[in-house]
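Engineer: Quick one, structure for this:
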Amino acid sequence: MTQVSTHPDPLGRGPLLRRLRNAGAEAWEMLRDFTTASPARFAVGVYAVLIAIFTALLLIPAATAGGGRTAFVDALFTAISTICVTGLSTVDMGTHWSAFGNVVIYIGVNVGALGVLTLASILGLVISKRLGLRAKLIVASESNPLRVHGGPVNEGQTVRLGEVGSLLATVALSTLIIEAGLAVLMYPSLVIGGINPLRALWEAPYYAAMSFTNTGFAPNPEGLDTFQHDYFFLTVMMAGVFLGSIGFPVISTLWRQRWHVHHWSLHAKLTIITTVLLFVAGALVFLLLEFDNPKTFGDRNAWDTIYQSFFLSAMTRSGGFAVVDVGSLHGSSLIVGSMLMFVGGGSASTAGGIKVTTLAVLALAVWSEAKGRPSVQAFGRRIPSDVQRVALSVVAWGATLVAVSTVTIAQFTKAPVADVLFDVISAFATVGLSTGLTEQLADPGKYVLAATMLFGRVGTVTLAAAVAATSRKQLYSLPVERPIVG
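Structural biologist: This is a model prediction of the structure:
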């Protein structure tokens, strides 16, 4: 006997609902497959979606202090600068944005600080309900000093696949703990500096986030002018920039190994040593070039001049804060600053640039070639040739991007090339320092500089991997012929 339904469906919604459920399941499955089959493209897509969301939020009239509507190009530029933790701006950050706009920017820099590949891996984990092998490879390759590259993951990578879960936890916890600690240390200086105690409750975590994320935005019109002689406040800020720039894998290594240097990974050793060397060398060069410049250090006493040289060296690495007018630096100092910014900070960090480990690997390769060694070695470890090739690729693509952007903006503005180069590298390396050129750019120049920020943050190698859908393995070797080099 056939049972008759007591709940008839005269509209035929049952089959329709089943089709909708099936279509939704298929779409979800396609999205899950995309996160693992094409991780680089997915990472770029994540950044594009985030930029679109934050641009829309900054276009809301409530985001501006006067209640007016921000121009689209300025909202887009600020959103990219925020998500890419750069710090460049085409508007006055201290007066243009309302409390709501500043909260949006504060959230944006912390989201961007997670890093495009780490964030993409977390979203992939949510979508796939588990951290699959390819998702682990995404994070493992980001923890590698030279980012993503085709081919198998080397056994000696900085963070092994089994440690990826702890790395993701380190990213979230270290960001929260370090920013909270910085805010607590900064709060008394803000109150002593004349900031209202209630307002300081907001500015302290804001400055802490901007320090650790290496962004460089300031929530007040005066910027750091009020604190240029508060060495404690500036030192705390430099400490935040340093912790953000060395990278999450190094933070994890330092937390686990403490002072057992012989247990540090090769990546941690190269990052710490190269960072300290560039910090000291940059300070000495700035001191030599600017000690007699009346517009920067010339009217300061000896101690203040020395200290501010170190502060400027730290900020040109990726921090983005300044207590002197960058546009008043000598041309030679701008070139040195451009070089430091181009190198940037550590891999899997909030800093930009080609990364200090890239510079270290290339320097070691040059040294090994000069010594006639058959392989590149450091601290009892051999650096494989594919890592060296990726290092060269990073520098080549980065230099090409900087050159194209510099020529384009110089043609638009007719400004001095040293000023254009400085701001372009600041955008590429997501530093945030400016000679004043960025605020004066016309709309076409803003779009070019915004694209430079995005490409610099996502990473040239990541973009190359996104273009190449698959990596092809060659099963044969071609005849060898040596062209003349040098």
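
Engineer: Can I take it that Thr435 is in a strand?
Structural biologist: No - assessed with DSSP: H, G, I helix; E, B strand; the rest coil, Thr435 is coil; it does not lie in a strand.

Engineer: State the distance from Pro197 to Ser189.
Structural biologist: For Pro197, the distance to Ser189 (CB to CB, to the nearest Å) stands at 12 Å. The way it works is simple: take the backbone N, C-alpha and C, and place the C-beta from them, glycine included.

Engineer: So between those two, which is more surrounded?
Structural biologist: Shown here are Pro197 and Ser189; by other CB atoms under 10 Å, Ser189 has more neighbours (21 against 9).

Engineer: Checking my notes, that one in a helix, right?
Structural biologist: Yes - judged by three-state DSSP, Ser189 forms part of a helix.

Engineer: Touching, it and Phe233? I think so.
Structural biologist: Yes - between Ser189 and Phe233 there is a contact at 3.8 Å, judged by CB atoms under 8 Å.

Engineer: Residues that sit against both of these two, list them.
Structural biologist: Shared contacts of Ser189 and Phe233 (CB atoms under 8 Å, 6 or more residues apart in numbering): Phe227.

Engineer: For Phe54, give me its contacts.
Structural biologist: By CB under 8 Å, 6+ apart, the contact set of Phe54 is 79, 82-83, 104, 108.

Engineer: Out of those, which end up buried?
Structural biologist: With neighbours counted by 16 or more other CB atoms under 10 Å, those contain buried members at 79, 82-83, 104, 108.

Engineer: Sort out for me which of the residues you listed are in helices.
Structural biologist: If you go by DSSP state H, the buried ones among the contacts of Phe54 have 79, 82-83, 104, 108 in helices.

Engineer: Which one of these is nearest to Pro249?
Structural biologist: Of all those, Pro249 sits closest to Ile83, with 21.9 Å by CB to CB.

Engineer: Please report how far the closest one lies from Met186.
Structural biologist: Relative to Met186, Ile83 is positioned 24 Å away (CB to CB).

Engineer: Surely Arg69 is in contact with Leu59?
Structural biologist: Yes - at 6.7 Å, Arg69 counts as touching Leu59 under the criterion of CB under 8 Å.

Engineer: quick one, which of those two is more surrounded?
Structural biologist: Using other CB under 10 Å as the criterion, Arg69 and Leu59 rank with Leu59 on top: 17 against 12.

Engineer: Phi, psi for the closest residue in space to the more buried one that isn't next to it in sequence please.
Structural biologist: Using CB to CB, 6 or more residues apart in numbering and skipping residues adjacent in sequence, the residue nearest Leu59 is Ala75, 4.8 Å away. Note on Ala75: backbone dihedrals following degrees, to the nearest 10 are phi -70, psi -40.

Engineer: Shouldn't Val485 be within a strand?
Structural biologist: No - assignment of Val485 by three-state DSSP gives coil, placing it outside any strand.

Engineer: burial of it, as a residue count?
Structural biologist: Burial measure for Val485: 4 neighbouring residues, criterion other CB under 10 Å.

Engineer: dump the residue contacts of it.
Structural biologist: Contacts of Val485 (CB under 8 Å, 6+ apart): none.

Engineer: cool, and Val376?
Structural biologist: Residues in contact with Val376 (CB under 8 Å, 6+ apart) are 361, 364-365, 368, 382-383, 388.

Engineer: when you check those against the helices, which ones overlap?
Structural biologist: Using DSSP H, those in helices are 361, 364-365, 368, 388.

Engineer: Now compare the buried ones among the contacts of Phe54 and name the two farthest from each other.
Structural biologist: Using CB to CB, the buried ones among the contacts of Phe54 span at most 11.0 Å, a distance reached by Ile83 and Val104.

Engineer: Show the average pLDDT along the one helix or strand Val276 maps to.
Structural biologist: Assessed by DSSP states H and E, Val276 sits inside helix 266-290. Averaged across helix 266-290, pLDDT comes to 93.

Engineer: follow-up on the earlier one: isn't the residue nearest to Leu59 up against Ile51?
Structural biologist: No - when contacts are counted by CB under 8 Å, Ala75 is not listed as touching Ile51 (10.3 Å).

Engineer: the more surrounded of those two?
Structural biologist: Counted by other CB under 10 Å, Ala75 and Ile51 do not tie: Ala75 has more neighbours, with 23 against 20.

Engineer: which residues touch that one?
Structural biologist: By CB under 8 Å, 6+ apart, the residues touching Ala75 are 55, 58-59.

Engineer: just to revisit the earlier point, tell me which of the ones in helices among the buried ones among the contacts of Phe54 is nearest to Leu392?
Structural biologist: Nearest to Leu392, judged by CB to CB, of these is Ile83 at 28.4 Å.

Engineer: Among the ones in helices among the contacts of Val376, which one has the most neighbours?
Structural biologist: Neighbour max across those (other CB under 10 Å) = Val361, 24 neighbours.

Engineer: Near the residue nearest to that one when sequence neighbours are not counted, how many other residues are there?
Structural biologist: Of all residues beyond its chain neighbours, the one nearest Val361 is Ala391 (4.5 Å), with distances taken as CB to CB, 6+ apart. For Ala391, the neighbour count with other CB under 10 Å is 25.

Engineer: which parts of the helix or strand hosting Ala391 are buried?
Structural biologist: Per DSSP H and E: Ala391 is located in helix 385-413. By neighbour count on 16+ other CB under 10 Å, the buried set for helix 385-413 is 387-388, 390-391, 393-395, 397-398, 401-402, 405-406, 408-410, 412-413.

Engineer: from the middle of its chain, how far away would stretch 260-273 be?
Structural biologist: 21 Å (CA atoms, centre = their mean, to the nearest Å).

Engineer: same question but for stretch 302-315, I mixed them up
Structural biologist: Computed by CA atoms, centre = their mean, the separation of stretch 302-315 from the middle of its chain amounts to 24 Å.

Engineer: mind starting the numbering at 610 from now?
Structural biologist: Understood, numbering begins at 610; the last thing we discussed is stretch 911-924.

Engineer: Contacts for that stretch next, please.
Structural biologist: With contact meaning CB under 8 Å, 6+ apart, stretch 911-924 is reached by 825, 837-838, 840, 843, 847, 850-851, 887-893, 895-896, 899-900, 906, 909, 930-933, 946, 949, 1040, 1042.

Engineer: repeat for stretch 797-808
Structural biologist: Residues outside stretch 797-808 that contact it (CB under 8 Å, 6+ apart): 809, 812-813, 816, 829, 835-836, 839, 841-842, 845.

Engineer: Need those residues in CSV (columns: neighbour count and pLDDT).
Structural biologist: As requested, the contacts of stretch 797-808 are exported to CSV (neighbours: other CB atoms under 10 Å; pLDDT from 0 to 100):
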residue, neighbour count, pLDDT
Ala809, 22, 91
Glu812, 21, 91
Ala813, 23, 93
Tyr816, 29, 93
Asn829, 17, 82
Thr835, 17, 84
Phe836, 22, 88
Asp839, 18, 90
Phe841, 13, 94
Phe842, 21, 94
Val845, 21, 95
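
Engineer: Do you have the helices of the stretch 710-859 of the chain handy? List them.
Structural biologist: Assigned by DSSP state H, counting those that start in this stretch, the helices in the stretch 710-859 of the chain fall at 725-737, 742-752, 773-801, 806-821, 840-855, 857-866.

Engineer: what's the angle from the third one to helix 840-855?
Structural biologist: Right, the one you point to is helix 773-801. For helix 773-801 against helix 840-855, the angle by axes from the mean of the first three to the mean of the last three CA atoms, to 10 degrees is 160 degrees.
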